Structures are given as C-alpha cells and as structure tokens.
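J.: mind folding the following:
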Amino acid sequence: MQQQSRLGGRRGQITVIILGALVLGAIYVFLPRHADLTKFDPGRMAHLETDMWRDYYDKRYLALFGNLYEVARGEYGFSPLDSFRLALAAASAAKAFQPTTSREQAEAALPALTDYFGILSAAAPAPIEVEDAARTELAWWQARREAVTPEDYGLIIARVATLVYGVDGQDLRRSGVIRAQAMAYRDAHEAAMSEADWSAIADQLDLAYGLLKKALSTAVRG
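T.: Numbers count the residues shown, from 1 in each chain. Now for the predicted structure:
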C-alpha cells in the first residue's frame, strides 16, 4: 500500500513537472514580443541574406526557412510563433515564384507575400499598406527576369523599404540599388560562383544594410 502511495506521489510530481514545462514552453512560444524592424545588425543581415540566396538557388528550402526564421527571431525580435509564420510565408512565396515563367504565373507567390507583410506590419515603425508592399516586392522579383537594369529594379527594392519603414532618401535608394547590383553579380556568374564571389556579395549586402540603417537613424534624428 505504501509502495503504491509512493508511486502515485512520484507520478503526480512528474505530471506537475511536465505540465509546468508545457506551460512555460507555451508562454515562450506564444507570448507576444516587442519586435522592431529597425533593430537589425547590418553585418548579420548581410550574412543571413547571402546564405538565403545560396539556399534559394540550390533549392534548399528547409535551410532557407531556417535562415528566414533567424532573421525574424534574431534580428527583428518576433516571438518564436510569429518568426515561424514569417519564415513559412516567405519561404512559400519564394518556392511558388521560382518555377514561374511569366508575370501571370508569378501571381502564385502573392498570397504568401501578402501574409508575410501582414505579419511584418506589427513591428514596422509606420503603418504598412500590406497589399501594396506585397505587389511591389513581387514587382522587383519579376523585373530581374525581364532585362531591367539593377539601377532600375534597385529603386523598386528601395520602394519596398519605404513602404515598410515609412522613410525615403538618397541612402535608402542607394541601399536598394546596391542590393540589386549584388543580385546582378550573382546572376552574371550563376553556377560559376566561387566562395570569393559569395564573400564579395556579402560585402555588398553589408554596405546596403549599413546604408539602410543610416537612413533609418537619420529619419529618427530628424
């Protein structure tokens, strides 16, 4: 009888521990965080974006998801749940867009992009017109395929940043153009990309995100 009582007591303790762990886990995952899209580190963002480009072109969608999650969680400060939702939406949009060959087909990526910007809007410093941001993002994805110069579609990239952050200016536009030039560099080399080439792209993206950070800081001071 005493042995059964002790076993029952141990089971009760284990149950309490498990329930407590589940409650703490749920709090960690679901508790809203004060995410902020302006708090990113330019160097870290450049490293993550370089990795994401490699994941995308090698069709490593799980790795792409992981890096997107790290941007949302580590750089923007979203909760684990919202970071998961952002990474899933962004990876889904990229996967939907990659096999398309026309503007009409590219529309398949729009629902996921709209979901992405909808979640992102909670951490933006200004209200985001979600559908406008999603369509503008898709516009520069498609422009890369249509012999549009990096200088031109770089300004579309900058327009997305303006829609997200609510700021504009020379540094922000230069940031978009430099990102586009890095993309054009990759497109020109394609399968011949070496580690030195990827390192050069990371340096360009570091400069681009540094200029974006400067544009945001200037707007705050102003």
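J.: give me the contacts around stretch 122-137.
T.: 35-38, 76-78, 82, 110, 113-114, 116-118, 120-121, 156, 159-160, 163-166, 216 (C-beta atoms under 8 Å, 6 or more residues apart in numbering). To be clear about C-beta, it is placed using only N, CA and C from the backbone, and glycine gets the same treatment.
J.: mind listing what the residue sitting nearest the centre point of the chain touches?
T.: Residue closest to the average C-alpha location in the chain (C-alpha atoms, centre = their mean): Leu68, at 4.8 Å. By C-beta under 8 Å, 6+ apart, Leu68 lies in contact with 52, 86-87, 90-91.
J.: swap in Asn67?
T.: Taking C-beta under 8 Å, 6+ apart, one finds 48, 51-52, 55 in contact with Asn67.
J.: tell me which of those is nearest to Val148?
T.: Comparing the contacts of Asn67 against Val148 with C-beta to C-beta picks out Met52 as the nearest, at 21.7 Å.
J.: the closest one against Phe65, yeah?
T.: No: the pair Met52 / Phe65 is not scored as a contact, 9.7 Å apart, by C-beta atoms under 8 Å.
J.: derive a ChimeraX selection command for the buried subset of the contacts of stretch 122-137.
T.: Selecting only the buried entries of the contacts of stretch 122-137 in ChimeraX, with 16 or more other C-beta atoms under 10 Å as the criterion:
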select :35,37,38,76,77,78,82,110,113,114,116,117,118,120,121,156,159,160,163,164,165,216
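J.: returning to what we had before: could you find the closest non-adjacent residue to the residue nearest to the centre of the chain?
T.: Distances taken as C-beta to C-beta, 6 or more residues apart in numbering place Ala87 nearest to Leu68, at 3.8 Å, with adjacent residues excluded.
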